[in-house]
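K.L.:
what follows is a predicted protein model with its sequence.
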Amino acid sequence: MDPESLTSPALPWSYLACGLLGLALLWPATRLLDQLWRRPRRLERALRGQGLRGTRYRFLAGDAIDYGRQNKEAWAKPPLPLRCHDIGARVTPFLHGTVREHGAPCVSWFGPVPKVTITDPRLVREVMAGKFGHVQKVKFPALAKLLALGVGNYEGEKWVKHRRILNPAFHAEKLKLMLPAFASCCQELVGRWTQSLGPDGSWEVDVCSELQTLTGDYERESFPTKNNRRMRQVNNEIESILRGLIAKRMQAIEEGESTKDDLLGLLLESNMADKDADGLSVRGMSTEEVIEECKLFYFAGMETTSVLLTWTMVVLSMHPEWQDRAREEVLRLFGKHEINYEGINRLKTVTMILYEVLRLYPPASAFTRQTYKEIEIGGIKYPAGVIFEMPVLYIHHDADIWGDDVHQFRPDRFAEGISKASKDPGAFLPFGWGPRTCIGQNFALLEAKMALCMILQRFEFDLAPEYTHAPHTVMMLRPMHGAQVRLQAISS
C-alpha cells in the first residue's frame with residue numbers, strides 16, 4: 001500500500017483546523033481594527049461633515065502625545081507673576097490651543113474616541129441637563145474601583161434611587177447639626193497653628209497640606225473611623241472598618257436609639273426611611289453601597305474643600321484689601337466668639353470671595369459626558385460614542401461672558417448673586433449643572449466658610465517668599481509647589 005494514501009485523508013482536517021484557528025484570530029483582530037481605525041474615521045467624517053473643525057485622528061493614541069507634551073512644556077515654564085489669575089493657557093494648554101486654532105465647538109481625540117469641546121454655557125447646560133437621557137458620565141472603572149463608586153458614578157434607576165436617599169442628608173437643617181464637628185476640627189487646626197507661632201507671633205506654613213488634613217478630619221468626623229491614614233492606601237481596611245461601624249449603627253437604630261448628628265447617621269436614617277413614588281417603604285441601599293457612598297464623600301469632600309480653602313488663602317494673601325474686608329465682616333458678626341449657623345448664613349463678603357475663587361480656580365477644570373445614543377445639540381447631530389468636554393476653567397475665564405476684567409479678582413461681581421455676575425446667568429459651573437449637580441456643594445461651602453472665619457478671627461496672612469504661583473491640574477487644580485503662607489497672630 002502506498003504510504004501516502006494512509007495520510008492523505010487527514011490533510012483536509014488539518015486545513016480545516018488551521019482555517020478555524022485563523023478565523024478565531026481574525027475575528028478579534030477585525031473588531032480591534034474597527035474600534036481603532038474604521039469607527040474613529042466614520043465618526044470623524046460624520047462630525048466634519050457638519051462643519052466641526054479640530055485635530056485629525058491619529059491611530060490609537062489620538063492626541064495623547066501632543067496633550068502630554070504640551071502639559072510638560074507648560075509645567076516647565078517659569079511661574080506666573082503674583083496676582084496674575086490668567087491661568088488657563090498654563091493649566092490646560094492643549095485645550096486652549098485647540099479652541100484658539102479651531103474655534104468652538106471643536107474636535108480632538110481621547111485615544112480612538114472623538115472629544116467635542118463645548119464652551120457655550122447654553123449648550124453646556126443642555127448637555128449636563130440630560131434632557132433626552134442620551135448622555136452619561138464617562139466611565140473609568142479601574143479608577144472608580146480604587147477610589148470609590150457611589151452616586152457620582154451611577155446611571156439610570158440606580159442613580160435616581162441613590163440620589164433620592166442621599167438628598168435629605170444634605171438639606172440645610174441636617175448640615176446645621178454637624179456644625180459642632182466642623183468647629184471642633186477647625187479649633188484643633190487654629191490651636192496647632194497658634195502653638196507653632198514664633199517669638200514674633202508669626203509662622204510660615206504650607207497650608208495646602210494643612211488644609212487637606214483639616215478637611216480629612218471633617219470627613220472622618222462625618223464618617224468616623226479609627227484609622228487616620230488615607231483611604232487610597234488602606235482601602236480594604238477602611239471598608240472593613242466602615243462595614244463594622246455601619247452594622248453597629250444599624251443595630252442601634254433598630255433598637256430604638258437616635259441617629260448621631262454626623263453624615264453617616266443622617267445617611268443611614270434617610271436610607272431606612274426610603275419610599276418610592278407612591279409613598280411606600282422600599283429597600284434602601286445595601287451595606288456595600290453605603291460603604292461606597294461614604295468613600296466617595298470622603299475623597300470628593302476632602303479634596304474639593306481643601307483645594308478651595310488653599311486657593312482662598314493664596315488669593316487673599318495676594319489681595320490683602322479683600323482679606324481685611326472679609327475679616328471685618330467676620331469680626332462684626334462673631335467677634336472672637338464661636339461661629340454659629342445663623343451668622344454663617346449672613347456672610348456676604350466671605351461668600352462673594354469664595355465664589356470668585358471658585359470662578360478663577362475651580363477645583364475641576366472640566367466636566368465630561370459621553371453619548372450612548374445619537375443626540376442633537378446646537379444644531380449638530382452627535383453619534384453614539386462621542387465625548388463632550390465642558391471646560392469650566394475656560395468658561396470661567398471667557399471675557400465675552402464675564403467682561404474685560406475677567407482675569408481680575410473682583411468678588412463684588414457677585415454682589416447681586418450668581419445669576420447677575422456675568423452676561424450669562426448660567427455660566428458659573430464649579431459644581432456642575434442640572435440634575436447631577438454636586439450633591440455636596442452646600443456641605444463643601446459650609447466647611448469652607450467655617451474654616452475661613454475661624455482663621456480670619458485669629459490670623460493675618462500673606463505669601464511666604466518661597467511661594468511660586470504655578471497652578472496645575474492633577475485630578476484637581478492645585479498649586480504645583482505647595483502654598484507657603486506666613487501667618488501672623490492678631491493681638492486680642
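P.N.:
Ah, there it is.
K.L.:
where does the residue nearest to residue 368 when sequence neighbours are not counted fall, secondary structure wise?
P.N.:
Nearest non-adjacent residue to residue 368, counting by C-beta to C-beta, 6 or more residues apart in numbering: residue 138, 4.6 Å away. Any C-beta I mention is one placed from the backbone N, CA and C, and that applies to glycine too. Assignment of secondary structure by DSSP states H and E places residue 138 within no helix or strand.
K.L.:
so residue 138 touches residue 370, yeah?
P.N.:
Yes - with contacts counted by C-beta atoms under 8 Å, residue 138 reaches residue 370, the gap being 4.9 Å.
K.L.:
ok, those two, which is more surrounded?
P.N.:
Taking neighbours as other C-beta atoms under 10 Å, residue 138 and residue 370 compare with residue 370 leading, 19 against 15.
K.L.:
list the contacts of that one.
P.N.:
113, 135, 136, 137, 138, 139, 385, 386, 387, 388 (C-beta atoms under 8 Å, 6 or more residues apart in numbering).
K.L.:
which residues touch stretch 375-384?
P.N.:
By C-beta under 8 Å, 6+ apart, stretch 375-384 touches 43, 46-47, 50-52, 105, 116, 118, 120, 123, 126-127, 132, 134-135, 371-374, 388.
K.L.:
again, only this time at 7 Å
P.N.:
Contact with stretch 375-384 is made by 43, 46, 50, 52, 116, 123, 126-127, 132, 134-135, 371-374, as judged by C-beta atoms under 7 Å, 6 or more residues apart in numbering.
K.L.:
stretch 87-107 too?
P.N.:
With contact meaning C-beta under 7 Å, 6+ apart, stretch 87-107 is reached by 47, 52-55, 63, 66-67, 70-71, 74, 77, 80, 108, 114-119, 365, 391, 393-394, 397, 471-473, 477.
K.L.:
how far off centre is that stretch?
P.N.:
20 Å (C-alpha atoms, centre = their mean, to the nearest Å).
K.L.:
list the buried residues of that stretch.
P.N.:
For stretch 87-107, the neighbour count (16 or more other C-beta atoms under 10 Å) marks 87-88, 90-96, 98-99, 102, 104-107 as buried.
K.L.:
which of the residues you listed fall within helices?
P.N.:
The helices, defined by DSSP state H, take in 88, 90, 91, 93, 94, 95, 96, 98, 99, 102 from these.
K.L.:
thinking again about what came up before, residue 159: which of the buried residues of stretch 87-107 is nearest?
P.N.:
Using C-beta to C-beta, residue 105 is the member of those that lies nearest residue 159, at 26.5 Å.
K.L.:
give me the number of residues near residue 118?
P.N.:
Burial of residue 118 is recorded as 22 neighbouring residues (other C-beta under 10 Å).
K.L.:
that one reaches residue 391, doesn't it?
P.N.:
No - if you go by C-beta atoms under 7 Å, residue 118 and residue 391 don't touch, sitting 8.1 Å apart.
K.L.:
what touches both of residue 138 and residue 370?
P.N.:
Common neighbours of residue 138 and residue 370, counting by C-beta under 7 Å, 6+ apart, are residue 387.
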